[in-house]
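Engineer: fold the following for me, if possible:
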Amino acid sequence: MNKDDQDFIEDISQKLRNQADNVNPVTASRLQAMRKTVLENSSQRPGLIEQYRAWFIGASVAASLLLVSLVVINMNSQSDLNIMDDLNLLTENQSFEFYEEMEFYQWLDERENHG
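Structural biologist: As a prediction, the model looks like this:
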């Protein structure tokens with residue numbers, strides 16, 4: 001803002017203050033009554049966020065817990081399957097050919113399922 005803009009704003013502000021001071025008593029009392037009514041109504045009626053603050057917080061916490069639970073369950077189920085597969089492979093007494101055939105059948109199954 002340059003100096004001219006600041007001077008203009010100060011001049012307008014001063015004129016508005018002077019006019020507010022020179023309001024007739026009837027208008028001043030009506031404005032005061034309106035102000036009082038607005039303040040009373042605004043304090044009685046909370047806004048949307050104030051009305052539903054508990055619901056917003058509860059829903060946010062529930063969604064967060066659900067997300068964390070799903071991630072943990074998904075991670076655990078995948079890692080448990082891999083560990084069990086590895087244990088089964090290590091404990092079985094199968095020949096190397098059996099594993100080659102098993103890989104071929106898995107590859108064939110994936111190929112049929114994907115396209």
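
Engineer: now do the residue nearest the centre of the chain against Leu67, distance only.
Structural biologist: The C-alpha lying nearest the average C-alpha coordinate of the chain belongs to Ser60 (C-alpha atoms, centre = their mean; 7.3 Å). Distance from Ser60 to Leu67, counting by C-beta to C-beta, to the nearest Å: 11 Å. Glycine gets a C-beta too; all of them are placed from N, C-alpha and C.

Engineer: please apply the same query to Val38.
Structural biologist: Taking C-beta to C-beta, one finds Val38 at 43 Å from Leu67.

Engineer: kindly report the same for Leu31.
Structural biologist: 52 Å.

Engineer: go on, Asp7?
Structural biologist: 57 Å.

Engineer: and what of His114?
Structural biologist: Using C-beta to C-beta, one obtains 29 Å as the distance from His114 to Leu67.

Engineer: these two: who's more crowded?
Structural biologist: Leu67 (10 against 6; other C-beta atoms under 10 Å).

Engineer: pLDDT at the more buried one, what is it?
Structural biologist: Residue-level confidence at Leu67 comes out at 90, pLDDT.

Engineer: same question for Leu89.
Structural biologist: 67.

Engineer: in the protein, what spans have low per-residue confidence?
Structural biologist: Filtered on pLDDT under 70, the chain yields the residue ranges 1, 42-49, 76-84, 86-87, 89-91, 93-96, 99, 115.

Engineer: spell out which residues make up each domain of it.
Structural biologist: Domain ranges of the chain: 1-45, 48-115, per automatic domain parsing.

Engineer: which secondary structure element is home to Glu50?
Structural biologist: helix 48-51 (DSSP states H and E).

Engineer: and Arg35, by the same measure?
Structural biologist: Using DSSP H and E, Arg35 falls in helix 25-44.

Engineer: run through the helices of the protein in chain order.
Structural biologist: Assigned by DSSP state H, the chain shows helices spanning 3-21, 25-44, 48-51, 53-91, 96-114.

Engineer: quick one: the first one to helix 25-44, angle?
Structural biologist: To tie it back to what came earlier, the one meant is helix 3-21. Relative orientation of helix 3-21 versus helix 25-44 (axes from the mean of the first three to the mean of the last three C-alpha atoms, to 10 degrees): 100 degrees.
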